[in-house]
Structures are given as C-alpha cells and as structure tokens.
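Asker: Provided below for reference: sequence and predicted model.
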Amino acid sequence: MVDYRKKMYIFAQFFIRTTMANIFNEVSRTFNEYLIIPGLTTKEHTPDKVNLRTPLVKFKKGEESAITLNIPFVSSIMQSVSDDGMAKALAKEGGLSFIFGSQGIEEQSRMVKRVKAHKAGFVESRANLTPEHTLKDVIELKKRTGFSTIGVTEDGSATGSFKGLVTGRDYRPSRDDHNRKVKEFMTPLKDLIYGKSGVSLKEANDIIWEHKLNTLPILDQDNNLQYFVFRKDYDSHKEHPRELLDQHKRLLVGAGINTRDYQERVPALVEAGVDVVCIDSSDGYSEWQKDTIEYIKSNFAHVLVGAGNVVDRDGFMYLAEAGADFVKVGVGGGSICITREQKGIGRGQATALIEVLPPEMSISKRQESIFLFVQMEVLYRIII
C-alpha cells in the first residue's frame, strides 16, 4: 500500500510538472463569499426609477446593441428548461430563452417558428384558403393549425390578393353542409374594415376599438394581404409592457447549437426566424468553437452568435477575437452541473469573472463592448 501511494504521488507530481502550465495558489471564490458595500442612497434612488434593460450582444461605442433585454434574465439551454413554452413566457416578461439543441434540427426549428408565430401587433397570416375551398377544408385547417381566423386569398397564400375573412362566427359545423364553398359563407372584402400598409400599430388599434373589431386585415395598395392585427394581442401587450419584440412585433427567441452539425442546424434555424444562437458547451475554449463562429459569420453575417463557456481571460479573448457576440463565463457552477466531477475542470464563479474582467482594462484599447454571459444568468458588460 505504501509503495502504491508513493508511486501515485510521484506520478501526480510528474503529471503536474509536465502537463500544467500554471498552478494557482489563490483561493477560487464564489459569489456567496462576497457582500456589496452600499453607497449613498439619495432621495432620487426610488424603485420606479430603476432601469434593468441590459444589452445582450457586443456593440461599438456610440451605437446600440442589436438586442437589449428588458430584464437581465435568460434561461439555460437545457431540455428541461428552455422549450418554446418557456421562450414565449420569458419573452413576454422581457427576457430571452435559448431553445435547447439536444434534439433534432426539424423539431428545434419548429419550436423557433412557434415562438415567432406568437406575435404582438402585425401578424402574418398562417392559415389561408382560396374562395373555392370548402367548409371541410376550413375545419381541417383549424384543427391542424389551431387558428380560427382564416385569410381567404385568390391563390391561398399568406400574401395573395385578399378576398375575405373566415372566423368561427361564419359557420356552424354541426348544421352547415361541409361541402359549401368558402366564398359562400366568408365575410367578403367589401363588407370588411381594413387598414392600409404603413399604418402604425397605434393607428391599427384605434381602428379596432373605434369599430369594435376583433381582427383588422392590413392590405397593400393592390389589396394583397400583408398582416392581421388582433384585439387580443393589444390586450396581451397591455398586460406585458416589457415584452421583448423584434421590429415586426414578434417575440424574440434564441437557440442553442453545437460544434458538430452546425452547418445543417444553423441554416434551418435562420430560416425559422431565430434571433440569436449560442454554442452550448461546458468547455468553450476550443478550436471547434472558433470554426463554428467563423462558419456562421462567413455564411450568415447578420446572425448573432454567443460562445463559451470559459473561466479565464485567455478563453474569453480567444472566442471574442474569433467573432463571438457574447461569451458565457462559468464551468460547473450550476446547481445540477456535473462537469467538474466528470472532467475535473472549472473555477469559482467570482474568481473566473474577476480574471476575465481585470480592473486595468481600458476603453481606449478598442472602441467596442462585448458581454460576459455569466452562468448564473447575470449579464456583465466589459470593454475590450
């Protein structure tokens, strides 16, 4: 037994001296070991004046971040946490979810589409038929999509020449002939109140309230269908004033990706309408992540991509210089994370953050902000 322990000790010393570049003598700290020293609280420091809006991705000095969260919260890229349900709920409150990537590409893309389809304001029609379709088609379409408002266009497309509207008030499935054509029971364009392309959301909502409507079609100058505006979305937005929305008033959503099938997964997510992607890995300081970032930036320059996780400045700079728009910091700090046990890597979260953001960093070094995405879901801006 003594010889065995001696051999193990010698082996450990040899391993440390020949494979490790540095041995850190300082203690690795967590956030729970620190308290904040309070500053002066003035009469102006009241809760109603607190602003929690937080940029998510890097931006140049004098510019605005492409995505700014209304509350500083995101949900983890985990199967048991971030699906389309969580994405909708969190975006309504002003945060952001990254839909988990440990699933098939098609299913993840469908989740992204479901979030983007859950819009406030101007809504692209996702249930459409032609005047020649039948009531049977209406019932089947409603059952398949869940949409009770159906746009009737000449060619049955979402942007075709608008002919009328079908809602649940236009037919009775239990009594009406299911072979009746849509044109026989739809509300035709001539009997509808509609808005013209270019109308503001406020103006559209005013029309809805003035005429006591539930649905307002928005048409272009040639009477092609562009959007619908729904009363229920106005009510929902009043209940969720901090909703995180894109320029088309759709909820924002992110998606997790990996470094293996990214050449197939990223294009599918982009087509689905994803707003930002993030490489999901417990150890992000790798050439595989660099390759993934460079592929995305070369083929989808407009796509925002996060990377990580890292625990030191070398890892952070490696990913930042590769083109990452934000970097996740923290390995093994999650309550159910077993990375430290499995791989023997990690660091106290506070120590990792302190090293990644040394106090001597100056804005004069580069006029660009990049963000640390700390594993506890708190965002910290740093200047590089």
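Answerer: Yes, it's here.
Asker: and Asp246, what is it in contact with?
Answerer: Leu252, Asp275 (CB atoms under 8 Å, 6 or more residues apart in numbering). The way it works is simple: take the backbone N, C-alpha and C, and place the C-beta from them, glycine included.
Asker: Go again with 6 Å.
Answerer: Asp246 makes contact with Leu252, according to CB atoms under 6 Å, 6 or more residues apart in numbering.
Asker: distance of it from Leu96?
Answerer: For Asp246, the distance to Leu96 equals 12 Å [CB to CB, to the nearest Å].
Asker: Tell me where the stretch 151-300 of the chain has strands.
Answerer: With DSSP state E, counting those that start in this stretch as the criterion, the stretch 151-300 of the chain has strands at 162-166, 187-188, 195-196, 215-219, 225-230, 254-257, 276-279.
Asker: Tell me which of those strands sits most buried.
Answerer: strand 254-257 (a mean of 27; mean count of other CB atoms under 10 Å).
Asker: so what does that one touch, helix or strand wise?
Answerer: On a contact count with 3 or more CB pairs under 6 Å, 6 or more residues apart in numbering; DSSP states H and E, strand 254-257 meets strand 96-99, strand 276-279.
Asker: so what strands line up beside the last one?
Answerer: Paired strands of strand 276-279, with direction, are strand 254-257 (parallel), strand 304-310 (parallel) (DSSP bridges).
Asker: Check the first one too.
Answerer: Neighbouring strands of strand 96-99 in its sheet, by DSSP bridges, are strand 74-75 (parallel), strand 254-257 (parallel).
Asker: ok, back up a step: which of the strands paired with strand 276-279 has the lowest average pLDDT?
Answerer: Sorting those by mean pLDDT places strand 304-310 lowest, at a mean of 94.
Asker: Now tell me what touches that strand from outside.
Answerer: Strand 304-310 has contacts (CB under 6 Å, 6+ apart) with 57, 276-279, 284-285, 289, 293, 296, 316, 319, 324-328, 330-331.
Asker: So which of these belong to helices?
Answerer: Gln289, Ile293, Ile296, Phe316, Leu319 (DSSP state H).
Asker: from those, which is closest to Val115?
Answerer: Ile296 (20.2 Å; CB to CB).
Asker: how close does that closest one sit to Ala324?
Answerer: To Ala324, Ile296 is 10 Å away according to CB to CB.
Asker: Sounds good, over and out.
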